[in-house]
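# Based on what follows, work out the 3D shape:
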Amino acid sequence: MRNFIFKIFRFFVRCYIGRYSVKSKNEIEGPAVYVVHHQNLSGPTFSLAWFNVPMRLWVLSVFCNWRTCFSQYYDYTFTKRFGMPKFIAAIVAFPVSLAAQILMWVIHAIPVYRGSRNIIKTFRETTQTLVNGQSVLICPDVDYKDKGQYMGEMYDGFLDLERYYVKETGKHLAFAPLYISRSSHTVLQGDAVYFGNDKKFKEEKKDVFKRLKQELLQLEGQDA
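Below you'll find the model as predicted:
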């Protein structure tokens with residue numbers, strides 16, 4: 001049922017944003033962690049709509065529960081960010097938060113408990129998703145509201161998934177960048193970056209993060 005509803009939802013999104021083609025440097029065998037610039041929702045929206053790999057999206061946990069989602073919209077988004085009167089904000093926040101929770105169910109989002117011990121739940125659910133053969137989409141932007149075309153500063157905590165995945169499978173996990181080109185209506189996939197066995201994890205984590213950013217820069221350079 002969820003997949004059927006998702007396909008209907010994706011159809012309408014595709015009609016709205018227009019057709020995008022997919023170009024990949026190299027095909028990735030098996031599941032992967034795809035990284036895309038959030039761009040105030042544009043990145044995940046275009047990726048889920050047109051990228052030819054089924055993916056589960058990392059989403060902040062507040063948007064995966066109706067109560068916390070309502071609080072987020074009412075206490076911050078509509079009142080502090082948009083300056084709405086509290087009465088109007090409550091009226092707007094109710095249907096929006098309900099719709100958001102339904103959407104999170106439809107796309108089978110993975111809740112991200114940032115800044116909480118529950119983050120372990122995020123890593124465990126993500127690892128199980130990957131072990132089951134399904135890929136994951138992550139937007140590691142520090143400033144997710146940045147509407148600019150290029151990725152800015154990123155968090156690197158998602159790279160710890162490597163440890164969990166290796167523990168479960170004995171294999172290294174693929175981390176691959178995606179880039180949405182509005183000018184050419186293309187979803188570009190860069191080369192996957194992998195950990196190795198030559199360095200300590202903390203040292204190699206820095207190296208993988210650096211190489212992943214370089215891949216993103218190369219994709220962005222193609223659209224310059």
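# Now do residue 146, the pLDDT please.
Note on residue 146: pLDDT of 68.
# Who are the packing partners of the longest strand anywhere in the chain?
Scanning the chain for the strand with the most residues, using DSSP state E, yields strand 174-181. For strand 174-181, the packing partners by 3 or more CB pairs under 8 Å, 6 or more residues apart in numbering; DSSP states H and E come out as strand 32-35, helix 42-50, strand 186-189, helix 201-222. The way it works is simple: take the backbone N, C-alpha and C, and place the C-beta from them, glycine included.
# Mind checking the pLDDT average for that strand?
Here strand 174-181 scores 94 as its mean pLDDT.
# just stretch 155-170 next, same as before
Mean pLDDT, stretch 155-170: 94.
# CA atoms of it as CSV?
In CSV, the C-alpha atoms belonging to stretch 155-170 read as follows (Å, rounded to 0.1, in the frame of the first residue of the first chain):
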residue,chain,number,x,y,z
TYR,A,155,28.1,17.5,9.0
ASP,A,156,30.2,14.3,8.8
GLY,A,157,28.4,12.1,11.5
PHE,A,158,26.6,10.1,8.9
LEU,A,159,29.9,8.5,7.9
ASP,A,160,29.7,6.5,11.1
LEU,A,161,27.3,4.2,9.3
GLU,A,162,30.4,2.6,7.9
ARG,A,163,31.1,1.0,11.3
TYR,A,164,27.6,-0.4,11.7
TYR,A,165,27.5,-1.7,8.1
VAL,A,166,30.9,-3.4,8.3
LYS,A,167,29.9,-5.0,11.6
GLU,A,168,26.7,-6.5,10.0
THR,A,169,28.1,-7.4,6.6
GLY,A,170,31.9,-7.4,6.6
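# what residues does it touch?
If you take CB atoms under 8 Å, 6 or more residues apart in numbering as the criterion, stretch 155-170 is touched by 33, 35, 58, 123-124, 126-127, 130-131, 136, 138, 140-142, 171-173, 175, 195, 201, 205, 208-209.
# Likewise for stretch 46-58?
By CB under 8 Å, 6+ apart, the residues outside stretch 46-58 that reach it are 10, 13-14, 17, 19-22, 32, 34, 36, 44, 107-110, 112, 122, 126, 129, 134-139, 158, 178, 180, 187, 189.
# Filter those down to the ones in strands?
Of these, the ones assigned to strands by DSSP E are 21-22, 32, 34, 110, 112, 135-138, 178, 180, 187, 189.
# so what's residue 25 up against?
Counting by CB under 8 Å, 6+ apart, residue 25 has contacts 189-191.
# With residue 140 instead?
Counting by CB under 8 Å, 6+ apart, residue 140 touches 35, 154-158.
# Could you tell me the phi and psi values at it?
phi -90, psi 20 (degrees, to the nearest 10).
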